[in-house]
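In: Test case, fold it:
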Amino acid sequence: MKCPQCGTLNEPKNKFCYECGVEMAVTEVEEVEKPLTAHLFGKEVDVLFFAEPFTEKINGIVNPSPEQKMRYRKDGIVQRIIIESPHASDDSYSTVLAFIRQSKEYLGEEFHEVHYNSFSLPDLKKEYLKLFERVLKMKEKRGDSPKAVDPKTEKK
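Out: A predicted model of the protein is given here:
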């Protein structure tokens, strides 16, 4: 969020400008411009890796068809990967971010990865736990959670 007095960019959660100290006006959440590829982060895909016959250059096919897998079965390797954010410092970061994205989608809220770029891994995990609690409450409210079955009353 941009300070109205000095123009310094501040975190959206800041109540006061960290440069000049003026109170930040409460406005609607700014629309964060996200890269076109942002929706790919956290997705799981299969990649078929293989070496080109004459150049030995490594090539890959994302989510290969059964025919492609069959064609390269001798010279290729299929690997399941999670597409990681360029800001992720390790696999745990991208995994937690993927869980946050899925939780936001379930809750019907918009997910902006840029918002989480400044979070440390422990803070990101705390954020996910808060979302997870909300998801559980929503599931209970919607009736999505499996109900306990009483073995005495269960019909066979």
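In: For whichever strand or helix holds P122, buried residues please.
Out: Assessed by DSSP states H and E, P122 sits inside helix 121-142. By 16 or more other C-beta atoms under 10 Å, the buried positions in helix 121-142 come out as L124, E127, Y128, L131, V135. Backbone N, C-alpha and C define where each C-beta goes, glycine included.
In: just stretch 43-63 next, same as before
Out: V47, L48, F50, I61.
In: how far away is the spatially most central residue of the chain from F41?
Out: With distances taken as C-alpha atoms, centre = their mean, the chain has A98 as the residue nearest its mean C-alpha position (3.0 Å). A98 sits 8 Å away from F41 when distances are taken as C-beta to C-beta, to the nearest Å.
In: Redo the buried residues of helix 121-142 as TSV? Include distance to S65.
Out: As requested, those are exported to TSV (distance: C-beta to C-beta, whole Å):
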residue	distance to S65
L124	36
E127	38
Y128	34
L131	35
V135	34
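In: which residue ranges form the helices in the chain?
Out: Per DSSP state H, the chain carries helices over the ranges 66-71, 91-107, 113-116, 121-142.
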